[in-house]
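need a 3D model of the following:
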Amino acid sequence: MERRSRAVRHLCTLTLLLVCVCPLCCRASWMWLGVTSAGVPEKLGCSNLPLSHKQRDLCRKKPYLLPGIQDGAQLAIAECQSQFRYERWNCSTSQDTTVFGYELTSGTKETAFIYAVMAAGLVHAVTRSCSQGNMTECGCDGRLQGSGSAAEGWHWGGCSDHIQYGTWFSRKFIDNAAKNMSTTRGGYTLSTMNQHNTEVGRQAIHRTMSTHCRCHGVSGSCAVKTCWRTMAAFEHVGAYLKDRYEHSVQVSDRSRRKIRKKDQRGLPVDKQQLIFFNKSPNYCLEDQRRGIAGTRGRRCNRTSTGPDGCNLLCCGRGYNTHVVRNVQRCECKFVWCCYVRCRRCESMNDMHTCK
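I've put the predicted structure just below:
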């Protein structure tokens, strides 16, 4: 078993060394932690992970945060794929350190969403780890405890999520690496765009937080309430960022503070808006050079008029219809004593896939 584990570790190290010959791979390589197996980063160690020099130093100083970093990356990738599962670009990933391939440097709306959701995932995972008491240098946010409105019968207490620590760590871990990216376009760099969008992702955690209260009093009278602040479930954060994606704005070449969106030229960029450089490709056809999978073979909904509908998802190429047999247990009944008896039901359903 030990020999096999050593062989896997050496294989992973060799793969990372070979892949990092490509500059694109090394630019956003920390995202690779989100597609690798649990425990692999700890086995490889900080020095062998595809991280920037500053990220490696931070990893060595705070190795206990490595599981949180991996959890954040996995959380973000899963949410990205959930939000885009019915669209032409479905946030597909690969197992190499590019993870998202062409999308990381394309400067499109999809690039903007990736950086925002990855930063948000890191904040969420690290903050949750703090609140659960998994780390010694952070815990609950106690700054509001004891304050409140005595006249209205409530006060701050409980365990508020310490998003300040999670936000600080996300900035320190991600933004240091982003400064090395210097692809220039007009008066901009790809780094400028990515840093703006990662901050939008972090602020999404703040803006979706909610206040929870617990009542105290005789017979549930709620004479006094203890309240605390907690993060929203990450699917709500993902939905918030998807809305930001739908309303993202294109950055003009002329000025760093200008946007290009219909007739709103000249307005300053809002700190809560995602920004992008380039128009997105249609993602209809496979392009291996750019890492675009295309929509051929994707399952579609024949009756839908939304992005998952066969007309839109298949880009007008048409679709194939297959009859699929589903077998499942049904009409289950409890039989005394003590087992459940079910019938075996079969159904035939149409499945449509893009040509």
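
beyond the helix or strand containing residue 69, next helix or strand please.
If you go by DSSP states H and E, residue 69 is part of helix 66-83. Once the chain leaves helix 66-83, the next helix or strand it forms, by DSSP H and E, is helix 109-131.

packing partners for that following helix?
Here helix 109-131 touches helix 66-83, helix 163-170, helix 190-207, helix 234-246, strand 275-276, going by 3 or more C-beta pairs under 8 Å, 6 or more residues apart in numbering; DSSP states H and E. The C-beta positions use only the backbone N, C-alpha and C, and glycine is treated the same way.

give the other helices and strands that the shortest one contacts.
Using 3+ C-beta pairs under 8 Å, 6+ apart as the contact criterion, the secondary-structure elements in contact with strand 275-276 are helix 109-131, helix 190-207, strand 249-251.

of those, which is nearest residue 306?
Closest to residue 306 of those, according to C-beta to C-beta: helix 109-131, at 17.9 Å.

what's near enough to touch residue 274?
Residue 274 makes contact with 109, 112, 113, 116, 197, 200, 241, 244, 245, 247, 248, 249, according to C-beta atoms under 8 Å, 6 or more residues apart in numbering.

looking at the helices and strands packed on helix 109-131, which is nearest to residue 312?
Shortest distance between residue 312 and the helices and strands packed on helix 109-131, using C-beta to C-beta, is found for helix 234-246: 15.2 Å.

before we move on, back to that, in the helix holding residue 69, which residues are buried?
Within helix 66-83, the residues that qualify as buried are 66-80, 82-83, counting by 16 or more other C-beta atoms under 10 Å.

what do you get for stretch 34-54?
So stretch 34-54, judged by 16+ other C-beta under 10 Å, has buried residues 34, 35, 36, 41, 44, 46, 48, 49, 50, 51, 52.

again with stretch 229-237
Counting neighbours by 16+ other C-beta under 10 Å, stretch 229-237 gives 229, 230, 231, 232, 234, 237 as buried.

quick one, which of the helices and strands packed on strand 275-276 is packed in tightest?
Among those, helix 109-131 has the highest mean neighbour count (mean count of other C-beta atoms under 10 Å), at a mean of 27.

check what pLDDT residue 352 gets.
Looking at residue 352, its pLDDT is 94.

okay, now the sheet partners of the helix or strand where it lies, with direction.
Per DSSP H and E: residue 352 is located in strand 339-354. Partner strands and pairing direction for strand 339-354 (DSSP bridges) are strand 299-300 (antiparallel), strand 319-335 (antiparallel).

hey, which of these is tucked in deepest?
Sort these by mean neighbour count, taking mean count of other C-beta under 10 Å, and strand 299-300 sits at the top with a mean of 18.
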